[in-house]
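Asks: sharing a sequence plus its predicted fold:
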Amino acid sequence: MMFVPIGMAGDVMPVIDDEIVEVGEILRVEAGETYDFTELRIEGEVVVEGELFGQTIFVAPGGRLELNPGAVVTIADVEIDTSDDPHQMGNGILVAGELDVNGTEKTAYARLAEDAYANTSTLVFQNVPDDWEIGDVIAIADTRQLARQDLQYEPILNTSHPDRYRLRPKGGYWHETMQIVDIEGNLIRISEGLEHDHIGLAGNFPHVTNLTRDVLLRSENPDGTRGHLIGFQGAEMSIVGAQIDGFGRTTVDVLDSGQVTGGQIEHIGTNQVGRYAIHFHHVGTSGISEVRGTAINGSPKWGIGIHGTHFIDVTNNAVWQAVGAGIVTEDGNETGVVIEDNYAGASNGSGESIDGRKATPSEFAFEGAGIWLHGASQTVVRGNVSEGNAFSQYALFQFGDGSDPNKRLKVPKVVAAALSDPTQYEIYTQDTLRAHLQFAAFENNIAAGGKRGFDIWSLQTTNEFVGLTSWNTSEFAFADFYTSNAKLISDSSFFANPDINEGSVGISHQGAANRGDLDLSKVTVSGFAIGTILRPTGQKDAIVKSRLADVVFRDNDVGLLIKNGDGRHDTISVIDGIVDSIKLEWDLQQRSQLFRGDHSQRIVINGVDAYFEEQHPDYVVPNDKLFGYPGEGVTNQDLLDAGKRPTLGRLMPPDAFRPDWLLAGRLSHTSSVSPPIPEPTPEDRVEQLTFREFGTLAPTDVAFLTAGQIESIPNAYWFGTISAAARANLSLEQVQRLNVASRGTLHLLTEKQRQWLTFEQIRSVSFYDFPVLDENQIKLIHPVRFSDIPSAYWLSRIPAGVREQLTPPQVQNLMVDAAGMITYLTRTQISWLTEAQIQSLRYQNFVPLSSSQIKLLTPTQLASIPNQYWFSELSPQARAALEIDQVRNLQVSNPGIISLLTEMQILSLTETQIQTLHYADFRHLAESQVSALVNSQLESIPSYYWWTESFSEQSIVALSERGIQWLNDGVFVPRRLVASRF
């Protein structure tokens, strides 16, 4: 047996010494070269711009592997010899030294600006990143909110629960990949039309990720023995601009790892742990390691695994179809990890829930998640997009792995901390770790599709979640379980489709041992079956508070649902904002303290006691196995009269607070504790509203909106929450206070209201709204605004009669280099184009130019004309106007172009141009030009027909002596024709 220890926890690897780059040696693999090997051990330096092809690469301590743009590493499809490699470590890239991948970064994702429907081959983006290119492969995940009728049961195979079933979409997932064939402004044309619809919700649209980079790591056969990349303790790994295709061997099935004891193999596993697409395995605390601008396409379990590695930067990456989870922290003590601006999508999972294997050692992150964290130790999670993952888009699951509750975990105090020095780290067990560590930041993250958006378990510290967006989740948008201390959610929006919202919850704050406060500030929750559930439980004498400030709960079946808990505590809620309804719901499953103990439960809303119907004096306690069950047929009043504890310890008074009684969309109450609030006038009520609440206005109420309230509407989205009937009632004075610079606002006004716009408003309008301006208004737009029009599509949306009114300065600011834009201008408008505009045109747009304008085209533009068709599209007058320098840049090697030139233009061709001509164009040459033809051109003449078509006898006479010699040896030229020459 030929294996040696490597890494941590008894890992072993095969001895790699087939080929060795010694210390001090440098092996260079240049572009176009392929270096083949079986096993390559790097103790010196290997620099690659070509291809490495082989089974295993080991970068030894002190060794260095550098991969530059154009480099390819292919891991061969070779069966692993488990007698030498019982932990199946080989067949991949193993790094104990230095790995530098120096590829070119690309922006990981871009958001669509509108819905994308099946069969469309053009995608409209908010902004197309500058570094996306024609030929790039892009992908879009399935972000549908799936109703129950859209799902079907399938057996879960090869998991810890073979008798369970999972729900999968009927017809499969709607994930799609495609290739960019053209980019024009904010439009991308793709190789084939979409197979499915990709529809947004509430102003949110799906994102598209880019999977192409210029350094490629791949498996020769992703269906055979796949490669993997792993770094060990002390490694320095900088992975920038890599494209990693078909890497990773560990799957979402139950783990089954090899066992080696005392150098003896005891077991060969069938699903070895730790063989992921990228795996940082106890790399350390140096802060050097990073994965940046990289694309990982397809991994059977995890895309990026971070295990016992600290202060690592994971930024601007695209992780696509990593089946278990995209980006994972493994032990929970990983400290100072930065996870920022990444895209993680299309993880289909094993079909189990997040806690489906909680009792199984080391089993987690198999369910289908985007970003999955085992801890929150000063971790930054910011600016990420996680879409279309089957279970959770973001998961924090702070339970121990079940293998050893006393397992000691080191948490470094600083970057580059020595984990051998007890003064430089804190130490925790997995059970105590979660009570001490918190996020450095969790903000501006987007979740879409799947079952859950933000899935938080056992977070025991106070944390703030800022700027979250979730849409189209079918179960929970934000859920926390087994948590304590405050959860602060601010400036966030959670949306569901109200037409298919069965079982959906916006914010779920409930569950066993859930006893933390919940603060919501500037939060919108819309379209769910239940907007927010409050059911804290557990601790004796606790006071659990929820504060809802400046919230908007709308279009939910139930806005706020408050349930009883099973502990002895009070639930105190303070609500300021729109809450479409409040419901108190009794849950007998939470029964441990309902009829015993010395402390009652209270529900307090805005300082007023609220009661469950089950606290009514006449309520008969059901016959159930409740703790302290008082007896059959006994009412709450009977219990109180007997000196016993009624349900939750308190009776409902006759004039108890009714939580479903709302006043102008704001929570109010009637109660004996506080006098009823006088009903305000409609004007007073409307003046209290913020723009987030304008969606509740009746058509007659908008008249009471003040100028300041109108000016506070920040964008078209919030303006669109006002009903069409209410918007139509806005007065001239109100319309003239609107912020119409926000894209789409003008589309929401009536034609009459648009006539009221002021000069300043019109000058501020976005190009998106140009199509709804009339002939007089369009001329008022500042010329510079026309440079914002990104493509011909957006110019074409302006009605023809309105486009015709564009002024010379406006036309002269158009970006006419966009294909087809010039075709939407009149001849007069085309005549106004500046020299710079003309010299920015693509060849497809040369057609309408006049003879005087054609002379302004640069040699490079003329050289871009690809064939006779596009040259023939120019008018004869325009072609005839081409000057000698322009003609000498035409690609006359394209057959037929020369036939469209004038005699004088043909005479101006250079010898180099003549020597690129196709034989079919020889006939257009003057006799003086024939001698410039080279032998290879003459030899290309295929038949007697083309010979006689190409040359007159006078032209033959003009051939040079080397041409005559060739004719003497020729096959296709009749002897009589040759004889006439001699």
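Replies: Ah, there it is.

Asks: how's this protein carved up into domains?
Replies: Per automatic domain parsing, the structural domains of the chain span 115-211, 835-906, 910-982.

Asks: roughly how far out does the shortest one sit from the chain middle?
Replies: Translated: domain 835-906. Chain-centre distance of domain 835-906: 43 Å, with CA atoms, centre = their mean, to the nearest Å.

Asks: low pLDDT regions in the stretch 501-650 of the chain?
Replies: Residues of the stretch 501-650 of the chain meeting the criterion pLDDT under 70: 511-516, 536-544, 565-572, 587-601, 623-631.

Asks: one more pass at 90, please.
Replies: Filtered on pLDDT under 90, the stretch 501-650 of the chain yields the residue ranges 502, 509-519, 532-552, 554-555, 558-650.

Asks: now the helices for it?
Replies: Here the stretch 501-650 of the chain has its helices, by DSSP state H, counting those that start in this stretch, at 636-641.

Asks: A helix includes residue 869, no?
Replies: Yes: judged by DSSP: H, G, I helix; E, B strand; the rest coil, residue 869 forms part of a helix.

Asks: could the domains of the chain go into CSV alongside mean pLDDT?
Replies: What follows is the domains of the chain, written out as CSV (pLDDT from 0 to 100):
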stretch, mean pLDDT
domain 115-211, 86
domain 835-906, 93
domain 910-982, 72
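
Asks: same list, these, but as a markdown table with distance to residue 724 and mean neighbour count please.
Replies: To be clear about C-beta, it is placed using only N, CA and C from the backbone, and glycine gets the same treatment. Converted to a markdown table, those look like this (distance: least, CB to CB, whole Å; neighbours: other CB atoms under 10 Å):
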| stretch | distance to residue 724 | mean neighbour count |
| --- | --- | --- |
| domain 115-211 | 16 | 17 |
| domain 835-906 | 40 | 17 |
| domain 910-982 | 63 | 15 |
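
Asks: distance to residue 475 for these - can I get that in a markdown table?
Replies: Below are those laid out as a markdown table (distance: least, CB to CB, whole Å):
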| stretch | distance to residue 475 |
| --- | --- |
| domain 115-211 | 10 |
| domain 835-906 | 49 |
| domain 910-982 | 65 |
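
Asks: dig out what the residue nearest to residue 633 when sequence neighbours are not counted forms beta bridges with.
Replies: Distance criterion CB to CB, 6 or more residues apart in numbering; nearest residue to residue 633, sequence neighbours excluded, is residue 620 at 6.1 Å. Going by DSSP bridges, residue 620 is paired in beta bridges with residue 635.

Asks: and residue 620, what does it touch?
Replies: When contacts are counted by CB atoms under 8 Å, 6 or more residues apart in numbering, residue 620 touches 633, 634, 635.

Asks: distance between the longest strand along the chain and the chain's centre?
Replies: In terms of residue count, the longest strand belonging to the chain (DSSP state E) is strand 542-554. Chain-centre distance of strand 542-554: 30 Å, with CA atoms, centre = their mean.

Asks: which of the contacts of residue 620 count as buried?
Replies: 634, 635 (16 or more other CB atoms under 10 Å).

Asks: which stretches in the stretch 451-600 of the chain count as strands?
Replies: All strands of the stretch 451-600 of the chain, identified by DSSP state E, counting those that start in this stretch, fall at 452-457, 463-466, 469-471, 476-481, 487-495, 505-510, 518-526, 530-535, 542-554, 558-563, 569-579, 582-585.
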